[in-house]
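Novice: Structure, please.
(2 chains)
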Amino acid sequence: GNSVTQMEGPVTLSEEAFLTINCTYTATGYPSLFWYVQYPGEGLQLLLKATKADDKGSNKGFEATYRKETTSFHLEKGSVQVSDSAVYFCALSDRGGGNKLTFGTGTQLKVEL
Amino acid sequence: ETGVTQSPTHLIKTRGQQVTLRCSSQSGHNTVSWYQQALGQGPQFIFQYYREEENGRGNFPPRFSGLQFPNYSSELNVNALELDDSALYLCASSPPRSGITYEQYFGPGTRLTVT
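Specialist: This next block holds a predicted model:
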């Protein structure tokens, strides 16, 4: 079956530091890949997506590249802000699986001044 | 444009009781999915509704059931509540199927506590 593995948190960074959150996946087909963000007490917000190999998703300074050869979709940001503190979820959608999302366990990011 | 809304925000129930959670999909979206998010975990897929019919189900027992209405809103019903059902229940809607990416847009969730 499909699965997503994320690095464990919490990840604590100083403001303006570089961020990487690792994500690898297992899927039987050719999934679409997503990063969602969850702020405290809220639902999930779509951060970025990529639908095929070598696609780069980007939004709000965050980027992730769909690497089929390493089955990875690592999230990066060059300079984090305190407002980026949240839980980040990597997810995949296998079109053959009826468009359900399979999520990782989430990585909490804390950004300090 | 109104996003996905869910009601109620919070709910406390007793073990063995039944609960109904409601979701209004984003305007123009005809597919609704439900997820359960236990504390500290990623969301787990419960089921999806498309054109008022169940269109895929995760590993949840039959006491989890749902409905979708002609206006694409949806309900999640859970019978015989157990303590482990305590979680954040998330509803997500998707636009009509076109292209290869079916993005899902989430509501704020309903926090269910079973005592």
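Novice: which bits of chain A sit near chain B?
Specialist: Contacts of chain A with chain B, taken as Cβ under 8 Å from any Cβ of the partner chain, map to A:4, A:32, A:34, A:36, A:42-46, A:49, A:51, A:89, A:91, A:93, A:95, A:97-106. C-beta here means a position set from N, CA and C on the backbone, and glycine is covered the same way.
Novice: Would you mind checking the residues you listed for buried ones?
Specialist: Buried subset of the residues of chain A next to chain B (neighbour count, 16 or more other Cβ atoms under 10 Å in any protein chain shown): A:4, A:32, A:34, A:36, A:43-44, A:46, A:49, A:51, A:89, A:91, A:93, A:97-106.
Novice: The spatially most central residue of chain B - nearest residue in space that isn't next to it in sequence?
Specialist: Taking Cα atoms, centre = their mean as the criterion, B:Trp34 is the residue nearest the geometric centre of chain B, at 2.9 Å. Here the nearest residue to B:Trp34 in space, its sequence neighbours aside, is B:Ile46; by Cβ to Cβ, 6 or more residues apart in numbering or on different chains that works out to 4.3 Å.
Novice: The strand or helix carrying the one you found packs against which elements?
Specialist: Applying DSSP states H and E as the criterion places B:Ile46 in strand B:44-50. Helices and strands touching strand B:44-50, by 3 or more Cβ pairs under 8 Å, 6 or more residues apart in numbering or on different chains; DSSP states H and E, are strand A:101-103, strand B:31-37, strand B:53-57, strand B:64-68.
Novice: Need these in a markdown table (columns: mean pLDDT).
Specialist: Below are these laid out as a markdown table (pLDDT from 0 to 100):
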| stretch | mean pLDDT |
| --- | --- |
| strand A:101-103 | 93 |
| strand B:31-37 | 95 |
| strand B:53-57 | 90 |
| strand B:64-68 | 96 |
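Novice: Include distance to A:Val82 when you put the ones you listed into CSV, please.
Specialist: Output for the helices and strands packed on strand B:44-50, formatted as CSV (distance: least, Cβ to Cβ, whole Å):
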stretch, distance to A:Val82
strand A:101-103, 25
strand B:31-37, 25
strand B:53-57, 39
strand B:64-68, 39
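Novice: which stretch among these comes nearest B:Thr14?
Specialist: Set against B:Thr14 and scored by Cβ to Cβ, those come closest in strand B:64-68, at 17.8 Å.
Novice: ok so, going back, surely the residue nearest to B:Trp34 meets B:Ser65?
Specialist: No. Applying Cβ atoms under 8 Å, one finds B:Ile46 not in contact with B:Ser65, separated by 9.7 Å.
Novice: So which of the two has more stuff around it?
Specialist: More crowded of B:Ile46 and B:Ser65, by other Cβ atoms under 10 Å in any protein chain shown: B:Ile46, with 23 against 16.
Novice: list the contacts for that one?
Specialist: B:Ser33, B:Trp34, B:Tyr35, B:Gln36, B:Arg57, B:Gly58, B:Phe60, B:Phe64, B:Gly66, B:Leu76 (Cβ atoms under 8 Å, 6 or more residues apart in numbering or on different chains).
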